[in-house]
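**Q** need the 3D shape of this:
(chains A and B)
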Amino acid sequence: MTAVKTITATAFGDTYANAVGALPGANESWIDGLRKTSRALLGTQGVPGPKTEAWKYTSLNQIAKTPFIPASTADDVDVPLLPVTVPLLDGALKIVFVNGVYRSDLSDKLEDLGAGITLSPFADVLKSSPGSLKDVLGAVMEPAQSFTAAMNTGFMEQGTVLHLSNGAKLEQPIQILSIGASGSSPGAFHPRFEIVLEEGAQATVVECHVGLPGQAYLSNAATEIILGERAALRHYTIVSEDSDAFHLGRTAVSVEQNAQYESFVLSLGGHLVRREVQVRLEGDGAATTVDGAYGLSGNQHSDVFSEILHLAPDTESKQTVKGVLGGDSRGVFQGRIHVARTAQRTDGRQLHKALLLNRGPEVDCKPELEIYADDVQCAHGATTGEMNPEHIFYLLSRGIDEKTARALLVEGFLDDVILNVADEPVRNLILDLVKTWLARQRILSIGEL
Amino acid sequence: MSLIEIKDLHVSVDGKEILKGIDLNMDGGEIHAIMGPNGTGKSTLSYVLAGKDGYEITQGSVLFDGKNLLDMEADERARAGVFLAFQYPMEIPGVATATFLKTALNAKRREQGLDEIDAMDFLNLIKSKTKELEIPYEMIKRPLNVGFSGGEKKRAEVLQMSLLEPRFAILDETDSGLDIDALKVVSDGVNALRSPDRAFLIITHYQRLLSYIVPDHVHVLVGGRIVESGDKTLAELLEAEGYARFEESEAA
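**A** Numbering: from 1, shown residues only, chains lettered A, B, ... in the order given. Below is the predicted model:
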């Protein structure tokens, strides 16, 4: 086998090797050590292939073969204005990154967010007060557990740090916009978002990953979240990358006693998108909702990789992920629910439903339950199927033409889970994005993707 | 010329003949009831008239207002004025009832060369219709038929009918699963829609519904054929005597 063995040695060539020494916080030994350990993992383990269970259904060959440069060094990228395709949330505080680089000129002022609340560029914190991240950075985003996490941690440069002290409530939602735009060479960027909510704090964060048409780029984002007792975070992720782009993103969350993590991931764009989520329910009564929806057409590939760890008694997790697949696309859902011996009275529910619009797409679904406690309620289910002809006939019988009927049913299939989004403005934004996506797929005019 | 002319209609499903020559003429303003035991082709007739796939018409014709109904797609039939109230209305998650109603109403309006209905006018229309049918207004914000009780589903069917103002309405076992109060509300809704240019075909197993919606003609469908026709007293006779004598003659 002469396959690509390591990302550092090949695809991420010399430009990367030269850049790492200048990364913010490099003079801080523990940060430098964290990066080096992560890059060493990439080096020793190489690019995971089909023999690695977690990557069985998603090939990284295309990424490994692309000679990426650090996108932040590309100086021929011009983003004069926010592109119109960016889904903007009304009233949100916007913080914008282009190719992983913080753009204060495009962002709102990160000040006066309320007592006990700070939102800072990640690079600034690494340079000026790295000590504040010592118990946070890498606490739940473990490089050894995930190639995606290792790559991000090895090359992390910019991003945000959101911190809420005890009881602080963020009134305004925060919208992080990460825009990919390659210049003459394919670029890669590794934004890092740190979110810490202390006891009883509350916030809403919307993460949007979008891109401009052009060369393939790699967006390798990682979001690390620590929720203290009774804290509540609503965290919504929208992936609408350019159609040639690669996206490898991971969210890792630790949820303490009676805290709540509500999340939704909408994935519509990108050539290859892998979204990983790991939620650790660490404290009694911790609860999470980890829903999502995706739409695929052409030869798009989407991979939802989820691990919910029930590590304490009386914890609850709910997960519904629905996907619509057309063209020759491929959808992957791997979901693991782990219930530790001590996690009695766990309630864990997981459901993946895929709707196939024609005979081209393929769905791989691997749900796993690992239960070590004896008093638990756990259920998982998975369905893959075509549109129900009885449903179509019902709509036809009311005078609705077949194309419109199919479009309504596809939209309804996804809306069904989107309606779980508790935040109303975000819910409406996601509903609109799905509607626009469906229209763009010409589902209204040709009846199928 | 009658509004609906069914002539010698033969229908097979998977090669098995279900309807074996139905003849039925209906004029505007009339209510016809088709009664019969289970498994005799009642629902087949309603689906064939509404245009559902999977039924092979081997012989015969159906004219609706002089046009060949069997040549039209299900949605064309609906826009031309055919309406089927389903025995088991579909639950469709994620599609809001209001969105569905508006889409259906606008499809019909476009057919008639009218503009799409104004959002306010639509809401007012729905408000008055839901009030008439004692449907909680909140229901139309919910996904179509999802979590509706049996009675709510049937009321929602009548709401759709009332909104779309068909010229030919087929009610397939609308009384099944209804308690007496819901039956009365649904019947009142149907009776309110009676008009000289509208015909109803009521398919039912029991006479009960016909005490509320009084038919002009009653037909007995057994073994894929109409074996007897009469006025409303035939329904009462059937209720008292059952279908046994027809089934025996069919067997013989």
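**Q** the helix or strand residue B:240 falls within packs against which elements?
**A** With elements taken from DSSP states H and E, the one containing residue B:240 is helix B:232-241. The contact analysis (3 or more CB pairs under 8 Å, 6 or more residues apart in numbering or on different chains; DSSP states H and E) places helix B:232-241 against strand B:31-35, strand B:217-222. The C-beta positions use only the backbone N, C-alpha and C, and glycine is treated the same way.
**Q** export the shortest one as CSV, just CAs?
**A** Think strand B:31-35. In CSV, the C-alpha atoms belonging to strand B:31-35 read as follows (Å, rounded to 0.1, in the frame of the first residue of the first chain):
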residue,chain,number,x,y,z
ILE,B,31,-77.6,12.5,-2.4
HIS,B,32,-77.0,8.8,-3.2
ALA,B,33,-76.0,6.3,-0.6
ILE,B,34,-74.2,3.1,-1.4
MET,B,35,-74.6,0.4,1.3
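**Q** can you name every helix or strand that whatever helix or strand comes next after that strand contacts?
**A** Once strand B:31-35 ends, the next helix or strand along the chain (criterion: DSSP H and E) is helix B:42-50. When contacts are defined as 3+ CB pairs under 8 Å, 6+ apart, helix B:42-50 sits against strand B:4-13, strand B:16-26, strand B:56-64, helix B:74-80, strand B:82-85, strand B:168-172, strand B:199-204.
**Q** quick check: mean pLDDT of helix B:42-50?
**A** Rounded to a whole number, the mean pLDDT of helix B:42-50 is 96.
**Q** on that earlier part again, can I get the helices and strands packed on helix B:42-50 in JSON lines including mean neighbour count?
**A** Formatted as JSON lines, the entries for these read as follows, by neighbours: other CB atoms under 10 Å in any protein chain shown:
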{"stretch": "strand B:4-13", "mean neighbour count": "18"}
{"stretch": "strand B:16-26", "mean neighbour count": "18"}
{"stretch": "strand B:56-64", "mean neighbour count": "16"}
{"stretch": "helix B:74-80", "mean neighbour count": "23"}
{"stretch": "strand B:82-85", "mean neighbour count": "26"}
{"stretch": "strand B:168-172", "mean neighbour count": "25"}
{"stretch": "strand B:199-204", "mean neighbour count": "24"}
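**Q** state the distance from the residue nearest to residue A:115 when sequence neighbours are not counted to residue A:112.
**A** Residue nearest to residue A:115 in three dimensions, not counting chain neighbours: residue A:168, with 6.4 Å by CB to CB, 6 or more residues apart in numbering or on different chains. In this structure, residue A:168 lies at 13 Å from residue A:112, with CB to CB, to the nearest Å as the measure.
**Q** who has more neighbours, the two?
**A** Higher neighbour count among residue A:168 and residue A:112: residue A:168, with 21 against 6, using other CB atoms under 10 Å in any protein chain shown.
**Q** my understanding was that that one contacts residue A:117; is that so?
**A** Yes. Contact status for residue A:168 versus residue A:117: in contact at 5.1 Å, counting by CB atoms under 8 Å.
**Q** hang on, residue B:190 in a strand?
**A** No. With DSSP: H, G, I helix; E, B strand; the rest coil as the criterion, residue B:190 is assigned helix and is not in a strand.
**Q** OK, contacts around the one residue in chain B that gets nearest to chain A?
**A** Nearest residue of chain B to chain A, counting by CB to the nearest CB: residue B:94, 3.2 Å away. Taking CB atoms under 8 Å, 6 or more residues apart in numbering or on different chains as the definition of contact, the neighbours of residue B:94 are A:411, A:412, A:413, A:414, A:415, A:416, A:417, A:419, B:143.
**Q** and the helices and strands packed on helix B:232-241, which is most packed in?
**A** Greatest average neighbour count among those goes to strand B:31-35 (a mean of 24), per mean count of other CB atoms under 10 Å in any protein chain shown.
**Q** can you list the residues of chain A near chain B?
**A** Proximity of chain A to chain B is assessed by CB under 8 Å from any CB of the partner chain, with A:389-391, A:393-402, A:404-405, A:408-409, A:411-417, A:419 identified as the residues in range.
**Q** one more pass at 7 Å, please.
**A** With CB under 7 Å from any CB of the partner chain as the criterion, chain A comes near chain B at residues A:390-391, A:393-394, A:396-402, A:404, A:408-409, A:412-416.
**Q** thinking again about what came up before, phi, psi for the residue nearest to residue A:115 please.
**A** As for residue A:168, its main-chain torsions (degrees, to the nearest 10) stand at phi -70, psi 140.
**Q** any idea how far chain B is from it?
**A** The spacing between residue A:168 and chain B, counted by CB to the nearest CB, to the nearest Å, is 35 Å.
**Q** could you do residue A:304 as well?
**A** The span separating residue A:304 from chain B equals 19 Å under the rule CB to the nearest CB.
**Q** which strand residues bridge that residue?
**A** For residue A:304, the beta-bridge assignment (DSSP bridges) gives partners residue A:275, residue A:333.
**Q** ranges for the helices of chain A?
**A** Along chain A, the stretches classed as helices by DSSP state H are A:14-20, A:29-45, A:61-65, A:122-128, A:147-155, A:389-396, A:402-418, A:424-440, A:443-446.
**Q** residues in contact with residue A:392?
**A** Contacts for residue A:392 (CB atoms under 7 Å, 6 or more residues apart in numbering or on different chains) come out as A:402, A:405, A:406, A:409.
**Q** actually residue A:382, not the one I typed
**A** A:352, A:365, A:367.
**Q** reformat the contacts of residue B:94 as CSV; add neighbour count and distance to residue A:317.
**A** Supplementary listing: the contacts of residue B:94 in CSV, determined by neighbours: other CB atoms under 10 Å in any protein chain shown; distance: CB to CB, whole Å:
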residue, neighbour count, distance to residue A:317
A:411, 23, 27
A:412, 20, 25
A:413, 25, 23
A:414, 26, 21
A:415, 23, 23
A:416, 19, 19
A:417, 22, 15
A:419, 16, 19
B:143, 20, 24
